[in-house]
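A.B. asks: Sharing a model that was predicted from the sequence below.
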Amino acid sequence: MAHELTFEQIQKCKKAFDENKVRDEQNKEDEKMPVLEIQKAMHDLEFEMNQQEVENIMNDLGLQGENTEDIDFPTFLRIAAIKYKQKEFINALEEAFKAFDKDGKEYLTYDELKTILTDYGPKLSSEQADNLLKELPDDKNKFKYKDFVNKNF
């Protein structure tokens, strides 16, 4: 997954890692970053993560079971790659919603959402769309897609 990063992204990751790693002057090849510094390093990359997200990613990478206290740069790069991929997905999702927001009002109405669900992609029946849209937040007339994307991803 880290191989999907651009050269510029890898450089930013290296800088964030270097600024948060443990300094071992005797063995420069074995420098690592404490797991507790991942949040700060991600913040340096302009990603906000809470401790639960760090633990989830560590578990997803199979690292938590090792009782990991420090990580090396390739591991940090794998974590950063996950966050970059999430950011790409969020941007793509937001752009998809914007494509249907012809007026640029930053929300879609119930009727617009129903049209999307019944007329595009894997089409739902009107009843299936209604059932799905029952799950919308309280204001059924305005689906604020930016809030939805930021809250759920």
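C.D. replies: Arrived safely. Residues are numbered from 1 along each chain as shown.

A.B. asks: Cross-check the contact I'm expecting between residue 94 and residue 146.
C.D. replies: Yes. With contact defined as C-beta atoms under 8 Å, residue 94 counts as touching residue 146 (6.5 Å). Yep, even glycine has a C-beta here, placed from its N, CA and C like the rest.

A.B. asks: Looks to me like residue 85 is in a helix.
C.D. replies: Yes. Assigned with DSSP: H, G, I helix; E, B strand; the rest coil, residue 85 falls within a helix.

A.B. asks: burial count for it?
C.D. replies: Using other C-beta atoms under 10 Å, residue 85 has 13 other residues around it.

A.B. asks: Kindly report the same for residue 37.
C.D. replies: By the other C-beta under 10 Å criterion, the neighbourhood of residue 37 contains 20 residues.

A.B. asks: dump the residue contacts of it.
C.D. replies: Residues near residue 37 by C-beta atoms under 8 Å, 6 or more residues apart in numbering: 20, 21.

A.B. asks: packing partners for the worst-scoring helix or strand of the chain on mean pLDDT?
C.D. replies: Every helix and strand of the chain was ranked by mean pLDDT, DSSP states H and E. The lowest is helix 145-152, at a mean of 81. In terms of contacts (3 or more C-beta pairs under 8 Å, 6 or more residues apart in numbering; DSSP states H and E), helix 145-152 is packed against helix 73-100.

A.B. asks: re the thing from before, neighbour-wise, which of residue 94 and residue 146 wins?
C.D. replies: residue 94 (17 against 14).
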